[in-house]
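Peer 1: coords please:
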Amino acid sequence: MSVSYIASEALKFNKDWFSFCKIRAGASQTATDTDPYQTEFYYNTSLHGGQQSSNYPSVIPPITLKPQRVNSYEAGTNLGFFKDVMTVDFTYYYKRSFDQIIKTPLPVSAGAGFALINEGILSNRGFEIIFGATVLNRKNLMLKTGVNFSRNRNKVVSLGEYSDTYILAEIWGENGPQMALKEGDDFGTIVGWDYVYKDGKPVVNEAGTEYLISPTRVPIGNASPDFLAGWSTQLNYKNFTLSTLIDAKVGGDIYSGSYVTGLQTGQSPETLKERDGGGLPYTDITGYTSNIGVILPGVHEDGSENTTVVHYIYKYMPNAGGWGHFLSKPGIVENTWVKFRELTLSYNLPSGFLKKLRVFQALSVSITSRDLFYIYSSLPDNINPEGIMGAGDAQGFEWGAMPGTRSLTFGECEILKI
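Peer 2: A predicted model of the protein is given here:
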């Protein structure tokens, strides 16, 4: 259901600077199902040593199963100024997803790894605003531009009565971080092994060589961006059109496995400082002194400041994290980037030329390049900001990401005479 009210027509606006005003709102409920046969208990069959074998399923089916549903509410406005030379489109939305079908983990003693439940509740709210403008409008020359911003926030309202945690994804099993959903948390929370803190400072052991690690995994970041943005332009000159698109993601964390393993193995350029003699004076067990020492920032368990100079290796292994039961916190990095996403040049063949061909009503050719380069990235070591592991809702991990690829496409669009 949706309604709209064009105030500029109903109230007969007579102002050139405020030429259009539309107010709109809507509400809807949608439903989705899941795979068939989810309510039945059946054995899995396979071959073992050439013989037929059967085993219990890994998921306990629900007694009843309802479609998962979403109640959606939206309100917004469209504004036009100076006879629509400038436009504004604003939308605010709220969604409540309930009867979510999720697999909740079970202890091994249950005989299955998961139980399929139908009780999850999520809330989703956000806004999007789009600014458009015609900067230049001449006989053979036109320039249009547009900027958009959006922000979205999800919250886990309930996971039902069967579980208080739902694991979306993890890296390195029990040794690494997870993306975990807990009631009351923001969607996208990353939990992992953090420092032990005293008065807000990380605690170092008595030898000054290693940080103490939290006894359980705790929230250490969130993958949800602060906002997304984009900037598009279109320049028309006679039969030529040049279009560009720049988009950006601001804020949001990821756990970068490539970064921490690079620190752990010495492959990151960041590790060169002390190796090249840029550290503190350190005397090894043979009595030789060189500038390869570091002091791990932090305090001891009694609250005293750590002042012990140790070999630089303790800065990076195991205290930088990486493969093994090490700290997860150093691998949490902000993933902000600005990218030149697309550049397109197209040409519409003149109508006079097409009339001579007697085949086409319209014909255009174009060349498009996508994913050209990053204008800015907050990630270290030239790691691909969009090289996230997996797909779907779990967007908080990166490990061994391949470099980004550019594409170049030649296109042709035609309308034939019939």
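Peer 1: so, low pLDDT: which residues of the protein?
Peer 2: For the chain, the stretches with pLDDT under 70 are 14, 162, 390-393.
Peer 1: residues in contact with the residue minimising distance to the centre of the chain?
Peer 2: Residue closest to the average C-alpha location in the chain (C-alpha atoms, centre = their mean): Gln395, at 4.8 Å. Going by C-beta atoms under 8 Å, 6 or more residues apart in numbering, Gln395 touches 188, 223, 254, 388. To be clear about C-beta, it is placed using only N, CA and C from the backbone, and glycine gets the same treatment.
Peer 1: tell me which residue lies farthest from the centre of this protein.
Peer 2: Lys356 (51.7 Å).
Peer 1: that one and Pro350: what is the separation?
Peer 2: 10 Å (C-beta to C-beta, to the nearest Å).
Peer 1: and Ile102, by the same measure?
Peer 2: 58 Å.
Peer 1: among these two, which residue is more densely surrounded?
Peer 2: Ile102 (19 against 12; other C-beta atoms under 10 Å).
Peer 1: I'd say that one and Ile121 touch.
Peer 2: No: under the criterion of C-beta atoms under 8 Å, Ile102 lies out of contact with Ile121, with a separation of 10.7 Å.
Peer 1: where's Thr244, which helix or strand?
Peer 2: Thr244 is part of strand 240-250, with elements assigned from DSSP states H and E.
Peer 1: and the next helix or strand past that strand?
Peer 2: Next element after strand 240-250 (DSSP H and E): strand 253-256.
Peer 1: from the contact counts, what lies against that next one?
Peer 2: strand 189-192, strand 218-222, strand 332-334, strand 397-398 (3 or more C-beta pairs under 8 Å, 6 or more residues apart in numbering; DSSP states H and E).
Peer 1: thought Leu79 was touching Phe20?
Peer 2: Yes: checked against C-beta under 8 Å, the pair Leu79 and Phe20 is within contact range at 6.6 Å.
Peer 1: for these two, list the residues in contact with both.
Peer 2: By C-beta under 8 Å, 6+ apart, the residues touching both Leu79 and Phe20 are Thr87.
Peer 1: you'd agree the residue farthest from the centre of the chain is in a strand?
Peer 2: No: with DSSP: H, G, I helix; E, B strand; the rest coil as the criterion, Lys356 is assigned helix and is not in a strand.
Peer 1: let me see the ranges of the strands in the stretch 251-400 of the chain.
Peer 2: Here the stretch 251-400 of the chain has its strands, by DSSP state E, counting those that start in this stretch, at 253-256, 280-283, 289-294, 310-311, 332-334, 337-348, 360-377, 397-398.
Peer 1: what about Phe397, how many residues close to it?
Peer 2: So Phe397, with other C-beta under 10 Å, has 24 neighbours.
Peer 1: wouldn't it be in contact with Ala169 here?
Peer 2: Yes: between Phe397 and Ala169 there is a contact under C-beta under 8 Å: 6.3 Å.
Peer 1: about what we covered before: can you give me the buried ones in the strand holding Thr244?
Peer 2: For strand 240-250, burial by neighbour count (16 or more other C-beta atoms under 10 Å) applies to 241, 243-250.
Peer 1: by contact count, what packs against it?
Peer 2: Using 3+ C-beta pairs under 8 Å, 6+ apart: strand 240-250 touches strand 227-237, strand 337-348.
Peer 1: of all those strands, which one comes closest to Glu40?
Peer 2: Counting by C-beta to C-beta, Glu40 lies closest to strand 227-237 out of these; the figure is 42.0 Å.
Peer 1: kindly export that closest one (C-alpha atoms) in PDB.
Peer 2: C-alpha atoms of strand 227-237 as PDB (Å, rounded to 0.1, in the frame of the first residue of the first chain):
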ATOM      1  CA  PHE A 227      27.400   5.600   5.300                       C
ATOM      2  CA  LEU A 228      27.700   5.000   1.600                       C
ATOM      3  CA  ALA A 229      28.000   7.700  -1.000                       C
ATOM      4  CA  GLY A 230      28.200   8.200  -4.700                       C
ATOM      5  CA  TRP A 231      28.900  11.000  -7.200                       C
ATOM      6  CA  SER A 232      27.800  10.700 -10.900                       C
ATOM      7  CA  THR A 233      28.300  13.100 -13.800                       C
ATOM      8  CA  GLN A 234      27.000  13.100 -17.400                       C
ATOM      9  CA  LEU A 235      28.400  15.500 -20.000                       C
ATOM     10  CA  ASN A 236      26.600  15.600 -23.400                       C
ATOM     11  CA  TYR A 237      28.200  17.400 -26.300                       C
END
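Peer 1: which residues sit against that strand?
Peer 2: Contacts of strand 227-237 (C-beta under 8 Å, 6+ apart): 140-151, 241-251, 341.
Peer 1: could you pull out the buried residues of it?
Peer 2: Those would be 227-232, 234-236, for strand 227-237 by 16+ other C-beta under 10 Å.
Peer 1: that strand: how far from the chain's middle?
Peer 2: Centre-to-centre, strand 227-237 and its host chain are 21 Å apart (C-alpha atoms, centre = their mean, to the nearest Å).
Peer 1: wait, Tyr52 touches Thr45, no?
Peer 2: One correction, residue 52 is Gln, not Tyr. Yes: using C-beta under 8 Å as the test, Gln52 is close enough to Thr45 to be in contact (6.8 Å).
Peer 1: which element is Ala145 on?
Peer 2: I think there's a mix-up here, since residue 145 is Thr and not Ala. strand 141-158.
Peer 1: show the subsequent helix or strand relative to that strand.
Peer 2: Following strand 141-158 in sequence, per DSSP H and E, is strand 165-170.
Peer 1: please save the CA atoms from that following strand in PDB.
Peer 2: The C-alpha atoms that make up strand 165-170 are tabulated as PDB, following Å, rounded to 0.1, in the frame of the first residue of the first chain:
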ATOM      1  CA  THR A 165      24.200 -16.400  19.900                       C
ATOM      2  CA  TYR A 166      24.100 -17.100  16.200                       C
ATOM      3  CA  ILE A 167      27.400 -17.400  14.300                       C
ATOM      4  CA  LEU A 168      27.300 -15.900  10.800                       C
ATOM      5  CA  ALA A 169      30.900 -16.600   9.900                       C
ATOM      6  CA  GLU A 170      34.400 -17.200  11.400                       C
END
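Peer 1: other SSEs contacting it?
Peer 2: Using 3+ C-beta pairs under 8 Å, 6+ apart, strand 165-170 is in contact with strand 86-105, strand 178-182.
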